[in-house]
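*Asks:* this one's sequence-less:
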């Protein structure tokens, strides 16, 4: 009896603390303010603010599918800073999801030993843009979901060392969108091996250094894998993230409710006995 009472008191306390943590998180932003050049892969790669990026992702009047996809490729690239992903402590840019953002993801990052949770990549593109940091996989997941919302058929493409999105349009054309670098490639995947130099030149024309020209000239000659959206690309994390955010509010409330019910019953039983 004493053990059960202690357990329910502890459960009540834990539920209360988690609820307080959630409430505290309502007034917190997951994006940090400190994006000095020393932390960035590219100079002056400051991310545009979340609200501006969200507005720019809205489709413009009379904008066709290719125009829309090309424009948002650049919007997404500007909305996410390219930090040195594994150099700094995971808390510095909230790569480790803070406890006040989602305690399930926080505890997974702290105690599971799984690297993907220690430096987390959000499946939900709104959270990715809100945090304002990412690498090629993050940017590709963002643009893939935005294109899906517009009914534009696309696949996430993974090359050795890089991730992009291939979109197919109603006119039969396929374009490749690199939302990490903000580069639109007007060639299909089948053309990549023969067009690698021309594709690499697009990165140079976008202002990226010679090393990136050489890098992409090599990468785009390699074999690649295709993924049917974010659910296919990061299946387990995709569904766990949905579960974690769906349950973060009901879970502490249920903990508190059932503990209070049990403790109330014990109190009534004691009163009747006396």
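*Replies:* Happy to help now that I have it. Because the structure is a prediction, the values reported are computed rather than measured. Numbers count the residues shown, from 1 in each chain.
*Asks:* can you tell me which residues contact the residue nearest to residue 86 when sequence neighbours are not counted?
*Replies:* Leaving aside its sequence neighbours, residue 86 sits nearest to residue 119 (C-beta to C-beta, 6 or more residues apart in numbering; 6.9 Å). Every residue, glycine included, has its C-beta placed from N, CA and C. For residue 119, the contact set (C-beta atoms under 8 Å, 6 or more residues apart in numbering) comprises 85-86, 90, 95-96.
*Asks:* Of those residues, which count as buried by neighbour count?
*Replies:* 85, 90, 95-96 (16 or more other C-beta atoms under 10 Å).
*Asks:* Name all residues that make contact with the residue nearest to residue 234 when sequence neighbours are not counted.
*Replies:* Excluding its sequence neighbours, the residue lying closest to residue 234 (C-beta to C-beta, 6+ apart) is residue 123, at 6.1 Å. Neighbouring residues of residue 123 by C-beta under 8 Å, 6+ apart: 141, 230, 234, 237-238, 241-242.
*Asks:* one more time with 6 Å
*Replies:* By C-beta atoms under 6 Å, 6 or more residues apart in numbering, the contact list for residue 123 reads 230, 238, 241.
*Asks:* picking that back up, just name the closest of the buried ones among the contacts of residue 119 to residue 176, please.
*Replies:* residue 85 (22.7 Å; C-beta to C-beta).
*Asks:* you'd agree the closest one is in a helix?
*Replies:* No - using DSSP: H, G, I helix; E, B strand; the rest coil, the assignment for residue 85 is coil, not a helix.
*Asks:* So the residue lying closest to it once chain neighbours are set aside versus residue 8, what's the distance?
*Replies:* Once flanking residues are discounted, residue 85 sits nearest to residue 135: 5.7 Å by C-beta to C-beta, 6+ apart. Distance, residue 135 to residue 8, by C-beta to C-beta, to the nearest Å: 45 Å.
*Asks:* if we can go back for a sec, residues near the residue nearest to residue 85, how many?
*Replies:* 18 (other C-beta atoms under 10 Å).
*Asks:* per-residue confidence at it?
*Replies:* In this model, residue 135 is scored at 95, pLDDT.
*Asks:* Residue numbering should commence at 11 henceforth.
*Replies:* Yes, from this point I'll number from 11; that puts the last item at residue 145.
*Asks:* Phi first, then psi, for it.
*Replies:* Per-residue torsions, residue 145: phi -120, psi -170 (degrees, to the nearest 10).
*Asks:* Low-confidence ranges, this structure, go.
*Replies:* 11-13, 279-284 (pLDDT under 70).
*Asks:* Okay, buried residues for stretch 96-105 please.
*Replies:* Residues of stretch 96-105 classed as buried: 100, 103-105 (neighbour count, 16+ other C-beta under 10 Å).
*Asks:* one step back: may I have the phi/psi pair for the residue nearest to residue 244?
*Replies:* The phi/psi pair for residue 133 (degrees, to the nearest 10) reads phi -80, psi -40.
*Asks:* any idea how far it lies from residue 247?
*Replies:* According to C-beta to C-beta, residue 133 and residue 247 sit 6 Å apart.
*Asks:* what's the answer for residue 240, then?
*Replies:* For residue 240 relative to residue 247 (C-beta to C-beta), the value is 9 Å.
*Asks:* who's more crowded, those two?
*Replies:* For the pair residue 240 and residue 247, the greater number of neighbours falls to residue 240 (23 against 20), based on other C-beta under 10 Å.
*Asks:* Quick one: residues contacting the more buried one.
*Replies:* Contact partners of residue 240, counting by C-beta under 6 Å, 6+ apart, are 133, 151, 248.
*Asks:* how about 10 Å then?
*Replies:* 132-135, 147, 150-152, 154-155, 158, 166, 247-248, 251 (C-beta atoms under 10 Å, 6 or more residues apart in numbering).
*Asks:* quick one: which of these is nearest to residue 48?
*Replies:* Distances from residue 48 to those, taken by C-beta to C-beta, are shortest for residue 147, at 23.8 Å.
*Asks:* Return the member of the contacts of residue 129 nearest to residue 54.
*Replies:* For the contacts of residue 129, with residue 54 as the reference and C-beta to C-beta as the criterion, the closest is residue 95, at 18.5 Å.
*Asks:* hang on, residue 125 packs against residue 106?
*Replies:* No - judged on C-beta atoms under 10 Å, residue 125 makes no contact with residue 106 at a distance of 11.1 Å.
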